[in-house]
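Need coordinates for the following:
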Amino acid sequence: MATSSDGRASPKPSTTTSEQLQILRARGLVINDESTAIRVLEHHNYYRLSVYRLPFTLPGDADQFLPGTTFEQIWGLYQFDQTLRALVWSGCERVEISLRARWAYEVAHGLGPVAYTRPTYAQNVSRHNESLKRLRDELQRSSEEFVKHHTVTLGQEWPPSWVVAEVATFGTISMLVKNIRDPLVRQRIATSYHLDERVVGSVMHHLSVVRNFAAHHSRLWNRIFVNPPRLPRTPRALSLSTAPESPRNIYNTLVLLAHLIQCVQPGDPWPRAVRDHLHTLDPALLPRLGAPGDWSTRPIWAAL
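Numbers count the residues shown, from 1 in each chain. The predicted structure is shown next:
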């Protein structure tokens, strides 16, 4: 690696798309349609695309492709992930809207319309204060007339929960749910999703993180999540995988989303769309999603 006069590593020189194709060919990649490959590189960034090469490289040498690997295989995996992100984003949208409604209703009726502002609301007061800070920022950034009506016209420092729910982010709402001190209120929210109150906050916060990955066009298909969700006590009943690494992969996230969406909107086509999309992936790559070998026969998918 080249170094500058002050000893720091110098950046690699930039390369043209034609030079990038030459590099790929030199590493053993078969490029059948050069014009298509150049267009892909021009619009999707060589560096962004390069991470999708890894399943097709030699063990221990990420710069050499397995014999016969084509550019189309890498591009196909990229497109698979692109569609997966769109599905995850739309699934999280359904769940987020539902969670907002369930939180607002159960807090208002169980604790009071502005009880979410009080220290007695929370299990962890310091985290609660951070949630309120985020919530205040979200209210101040909002240009919604209904927010102005409550904060300016009515002079309310904190609007009732059903107003707040419409401007709070998924992440903020999930943390407010997770931090509710009263287990009965948590359980009433969890019951809507056929989950235990000790699980629902963790699952929702995980989904808020995954939703942000999808919204920012980040790779999902083989991502290892640093903070996986807490799984229900009987994970296999929901078709979840219990293999050592699976809780950190996207497969269990997809199962949880499918389960939640069936609770929110029975008959919604989202689970079927995900199942069908997974069937388009090379079966040899499915374990990298955390999918067990019998995933398609498990109840949540087989019943579709």
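
now residue 67: how far from residue 285?
Here the criterion is Cβ to Cβ, to the nearest Å. By it, residue 67 lies 18 Å from residue 285. Every residue, glycine included, has its C-beta placed from N, CA and C.

So which of those two has more stuff around it?
The neighbour comparison of residue 67 against residue 285 (other Cβ atoms under 10 Å) goes to residue 285, with 15 against 8.

contacting residues around that one?
Residues touching residue 285, when contacts are defined by Cβ atoms under 8 Å, 6 or more residues apart in numbering, comprise 55, 77, 222.

and the closest residue to the last one other than its chain neighbours, how many residues sit next to it?
Leaving out its chain neighbours, the residue that sits closest to residue 222 by Cβ to Cβ, 6 or more residues apart in numbering is residue 288, at 4.2 Å. Residue 288 has 18 neighbouring residues, counting by other Cβ under 10 Å.

helix, strand or coil for residue 288?
Under DSSP: H, G, I helix; E, B strand; the rest coil, the three-state class of residue 288 is helix.

same thing with the one 3 residues further on?
Counting by three-state DSSP, the backbone at residue 291 sits in coil.

Also residue 64?
In the three-state summary, residue 64 is assigned as strand, counting by three-state DSSP.

Please name the residues that touch the closest residue to it other than its chain neighbours.
Of all residues not flanking residue 64 in the chain, residue 58 sits nearest, at 4.6 Å (Cβ to Cβ, 6+ apart). For residue 58, the residues meeting the contact criterion (Cβ under 8 Å, 6+ apart) are 64, 65, 66.

Make a ChimeraX selection of the buried ones in those residues.
Per 16 or more other Cβ atoms under 10 Å, the buried members of those correspond to this ChimeraX selection:
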select :65
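
Which stretches in this protein count as helices?
If you assign secondary structure with DSSP state H, the helices in the chain sit at 17-26, 34-44, 46-50, 71-110, 125-141, 145-148, 161-164, 170-178, 183-191, 197-215, 250-264, 270-278, 299-302.

tell me which residues of the fifth one are tucked away?
Okay, so that is helix 125-141. Taking 16+ other Cβ under 10 Å as the neighbour-count basis, helix 125-141 is seen to contain the buried residues 128, 131, 132, 134, 135, 139.

so which of those comes closest to residue 22?
For the buried residues of helix 125-141, the closest approach to residue 22 (Cβ to Cβ) belongs to residue 134, at 48.5 Å.

Leaving out sequence neighbours, find the closest residue to the closest one.
The nearest residue in space to residue 134 (Cβ to Cβ, 6+ apart) is residue 172, at 5.1 Å.

wait, what's in contact with that neighbour?
By Cβ under 8 Å, 6+ apart, the contact list for residue 172 reads 131, 134, 135, 138.

Can I get these in a markdown table including distance to residue 179 and pLDDT?
Written out in a markdown table, the entries for these read as follows (distance: Cβ to Cβ, whole Å; pLDDT from 0 to 100):
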| residue | distance to residue 179 | pLDDT |
| --- | --- | --- |
| 131 | 7 | 97 |
| 134 | 12 | 95 |
| 135 | 12 | 94 |
| 138 | 16 | 90 |
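
Which one of those is nearest to residue 229?
Proximity of those to residue 229, judged by Cβ to Cβ, is greatest for residue 131, which lies at 18.8 Å.

Enumerate every residue touching that closest one.
Taking Cβ under 8 Å, 6+ apart as the contact definition, residue 131 lies against 172, 175, 176, 179.

now that we have those, which one has the most neighbours?
Most surrounded of the contacts of residue 131: other Cβ under 10 Å gives residue 176, at 27 neighbours.

Give me the nearest residue to that one, chain neighbours excluded.
With Cβ to Cβ, 6+ apart as the measure, residue 131 is the residue that lies nearest to residue 176, at 5.6 Å, once sequence neighbours are left out.

what's the answer for residue 245, then?
Beyond its immediate neighbours in the sequence, the residue positioned closest to residue 245 (Cβ to Cβ, 6+ apart) is residue 290, lying 6.4 Å away.

give the contact list for that neighbour.
The contact partners of residue 290, taken as Cβ under 8 Å, 6+ apart, are 241, 243, 245, 246, 247, 248, 249, 250, 251, 252.

May I ask which of these comes out lowest in pLDDT?
Lowest pLDDT within the contacts of residue 290 is found at residue 245 (70).
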